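[1] Make a model of this:
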Amino acid sequence: MNPPSALSRLAACEAIICDLDGTLYLDGIPLPGAHDFLRTVNESGRQLFYFTNNTSRSRRSYIDKLMRIQFPVSAGQIITAADCTFTYLRNHHLEPAIYLIGNNDLKKEFEEAGFDCWDEERCTRELPQAVVLGFDTELTYAKIRTGYELMMAGLPYIATHADLLCPVAGGRFIPDVGSFISLFATATGGIEPQVMGKPNLPAVEAICARTSLPVEKIAFIGDRLYTDIRMARQFGMVGVLVLSGETSREMAAASTDRPVLTVDYVADLIPVLDRSRP
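    Have a look, this model is predicted:
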């Protein structure tokens with residue numbers, strides 16, 4: 001049972017940030033009540049944004065996907081771990097030349113943002129300015145080897161996020177960037193990246209910049225304890241855990257990453273957010 005004080009904190013929020021996989025849909029299939037929930041957020045006058053750590057898709061791919069399943073969406077409503085990475089690379093003057101370990105969708109996203117993504121052959125002749133590790137669903141041994149060699153050469157090493165697994169339909173999961181980070185840490189003797197996405201500060205800065213709100217006026221709704229809820233708790237957002245993705249009730253009870261609210265599905269939040277109700 002969620003206490004009245006927790007419900008009041010959510011009701012006072014002026015922006016709702018939603019994770020995607022495991023929160024609003026699984027493997028492209030909307031979760032129960034997701035459409036009604038999103039409609040309620042919009043009708044309440046609150047800001048609505050989508051934040052995903054998943055960098056296996058470009059912004060355009062996300063827009064197309066959300067439109068296909070009839071979710072309200074515009075380009076400005078989507079925040080990704082790639083956005084956080086762009087900002088970090090620019091702020092640290094690690095541009096334009098990077099070695100990106102990512103699929104073609106992510107490569108296109110970086111190139112459209114002004115980065116020059118070198119191939120393996122060029123990296124044997126000269127060094128780029130950074131190694132960037134994304135969710136590469138087209139990972140090859142050549143990419144692993146080149147990434148390893150550049151890390152061992154001491155290049156700045158940035159990961160878009162550190163989720164271990166990505167949820168898909170049927171209660172199954174596939175390896176995500178966090179698993180790749182472990183691979184490279186083993187190979188390099190412990191070299192770790194600067195991580196950009198949830199639950200890290202670059203993600204919070206991206207959210208606050210997009211909403212123009214203080215953290216206490218922002219609710220983050222997600223299915224992962226160690227990314228979504230940890231970020232909300234550490235930085236003062238209203239963290240709402242949904243049990244429709246990675247986290248079970250038993251896992252939540254055993255975790256130190258405590259949400260403000262816990263619900264089965266986002267639809268359970270409609271009565272709290274509906275300002276048309278008395």
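
[2] Check the gap between the spatially most central residue of the chain and residue 96 for me.
    The centroid of the chain falls nearest to residue 53 when counting by CA atoms, centre = their mean (2.0 Å). Residue 53 sits 24 Å away from residue 96, going by CB to CB, to the nearest Å. Using the backbone N, CA and C atoms, a C-beta is placed for each residue, glycine as well.

[3] for residue 194, same thing?
    18 Å.

[4] what does residue 48 give?
    Counting by CB to CB - residue 48 and residue 96 are separated by 33 Å.

[5] ok, residue 157 touching residue 148?
    No: using CB atoms under 8 Å, residue 157 is not in contact with residue 148; the gap is 10.6 Å.

[6] More neighbours: which of those two?
    A direct count of neighbours by other CB atoms under 10 Å for residue 157 and residue 148 places residue 157 higher, at 20 against 16.

[7] Could you check how far that one is from residue 166?
    21 Å.

[8] Over to residue 12?
    From residue 12 to residue 166 the distance is 32 Å (CB to CB).

[9] So which of those two has more stuff around it?
    residue 166 (23 against 11).

[10] Over to the nearest residue to residue 80 once chain neighbours are set aside: give its phi and psi.
    Distance criterion CB to CB, 6 or more residues apart in numbering; nearest residue to residue 80, sequence neighbours excluded, is residue 52 at 5.5 Å. Main-chain dihedrals, residue 52, degrees, to the nearest 10: phi -130, psi 140.

[11] low-confidence ranges in this structure?
    Applying pLDDT under 70 to the chain picks out residues 1, 277-278.

[12] Could you break it into its assigned domains?
    If you go by automatic domain parsing, the domain ranges for the chain are 4-53+198-273, 93-195.

[13] could those be laid out in CSV, adding distance to residue 72?
    Listed next are those as CSV, based on distance: least, CB to CB, whole Å:
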stretch, distance to residue 72
domain 4-53+198-273, 6
domain 93-195, 22
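
[14] Figure out which of those domains is closest to residue 79.
    Checking the domains of the chain against residue 79 by CB to CB gives domain 4-53+198-273 as the closest, at 4.5 Å.
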